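Q: With the input below, show me the fold.
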Amino acid sequence: METTKPMANLCVAWLQGDATVVPERSMIDPEADTAERLKKARTELWRRSCPSGLQETNWSHPDLIAYRKQIDRVRTWEVGQRGLLLAGRTGRGKSRSLWALLKRLMCEEARDVGVWTAADWFAVLQSYVSYGRDDAQGFVRACAVRPILVIDDLGQEAVMTSRQDWARSHFFALLDQRLGAGLPMLVTTNLTANQLAGSGRADEIRGEPLVRRLMELCEVIKFEP
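A: Numbering: from 1, shown residues only. Presented below is the predicted three-dimensional model:
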């Protein structure tokens, strides 16, 4: 009766040239394993970043029905398209549709997405100024090269009065770099174009560099009935 050889004997026999003995190969595909790890990490990042109240949504809710066209446009956005600027009052589904899109991009497609609220982004930006030294350029460049960048609630950030022009110039640099690299941004705001430009005059709004860059980078989705 044939007996099973111990694993050590099998390995020795294989090393000595016994072609009939082949050690079991690893069944792990390194690329597939790396991809799965990335997917799990980005799924966890989405779960921790997304407000709990936005993780599940009834899209048939009466408050959202009037904005279903805009919501569907956001949720079906694909990498390779222009970015999106979601504009409208609170409670119309801007952030909900954005986080639903991010769930697909991060959890299902394992995309590399940088997600910031505007308040956090500008707070970090200001932290790079110390004793009059401006070290913010590195932070801006790091954000500028992320494959997908999200800024939620633009216009709700708090910036010191003395640094408003400085902060806007760095934000403009961010937009400019992403436009030059062809990288998309996904932005939500409660502000109108007038408020973003800081003016009520149409000619000034069209000439405002920051608004113009946003329009060049993003398709505007107006959450209006």
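Q: For L154, list the residues it contacts.
A: Contacts for L154 (C-beta atoms under 8 Å, 6 or more residues apart in numbering) come out as 118, 187-189, 191, 196. Where C-beta positions appear, they are placed from N, C-alpha and C, glycine not excepted.
Q: So which of those is the closest to L54?
A: Distance to L54, by C-beta to C-beta, is smallest for T188 among those, at 11.8 Å.
Q: Quick check: which element contains that closest one?
A: Assigned by DSSP states H and E, T188 belongs to strand 185-189.
Q: which residues in the chain form helices?
A: Using DSSP state H, the helices of the chain run over 7-15, 30-49, 62-65, 68-75, 94-102, 118-127, 136-144, 164-181, 193-197, 202-207, 209-217.
Q: one step back: show me what the strand holding T188 is packed up against.
A: When contacts are defined as 3 or more C-beta pairs under 8 Å, 6 or more residues apart in numbering; DSSP states H and E, strand 185-189 packs onto strand 83-87, helix 94-102, strand 148-154.
Q: Those: which one's closest to L217?
A: Here strand 83-87 is closest among those (C-beta to C-beta), at 5.1 Å.
Q: which residues make contact with the closest one from outside it?
A: Strand 83-87 is contacted from outside by 70, 73-74, 77, 94, 97-98, 184-193, 214-215, 217-223, using C-beta under 8 Å, 6+ apart.
Q: burial of the closest residue to K222 other than its chain neighbours, as a residue count?
A: Among residues not flanking K222 along the chain, A87 sits closest, at 5.5 Å (C-beta to C-beta, 6 or more residues apart in numbering). A87 has 26 neighbours, counted by other C-beta atoms under 10 Å.
Q: For the closest residue in space to R47 that isn't next to it in sequence, give me phi and psi.
A: Spatial nearest neighbour of R47, chain neighbours left out: Q55 (7.4 Å); criterion: C-beta to C-beta, 6+ apart. Dihedral pair for Q55: phi -80, psi -30, per degrees, to the nearest 10.
Q: quick one: contacts of stretch 62-74?
A: By C-beta under 8 Å, 6+ apart, stretch 62-74 touches 57-59, 84, 86, 88, 91-94, 96-98, 100-101, 221-223, 225.
Q: Let me see the contact set for Q156.
A: So Q156 contacts 117-119, 190 (C-beta under 8 Å, 6+ apart).
Q: tell me the centre residue of the protein?
A: V113 (3.3 Å; C-alpha atoms, centre = their mean).
Q: Run through the residues that contact that residue.
A: Counted by C-beta under 8 Å, 6+ apart, V113 has contacts 42, 102, 105-106, 146-150.
Q: run the last query once more with 6 Å
A: Applying C-beta atoms under 6 Å, 6 or more residues apart in numbering, we find V113 in contact with 105-106, 148.
Q: Give the bridge partners for it, please.
A: Under the criterion DSSP bridges, V113 forms beta bridges with I148.
Q: ok, back up a step: out of the contacts of V113, grab the one that's most surrounded.
A: Highest neighbour count within these, by other C-beta under 10 Å: M106, with 26 neighbours.
Q: No more questions from me, cheers.
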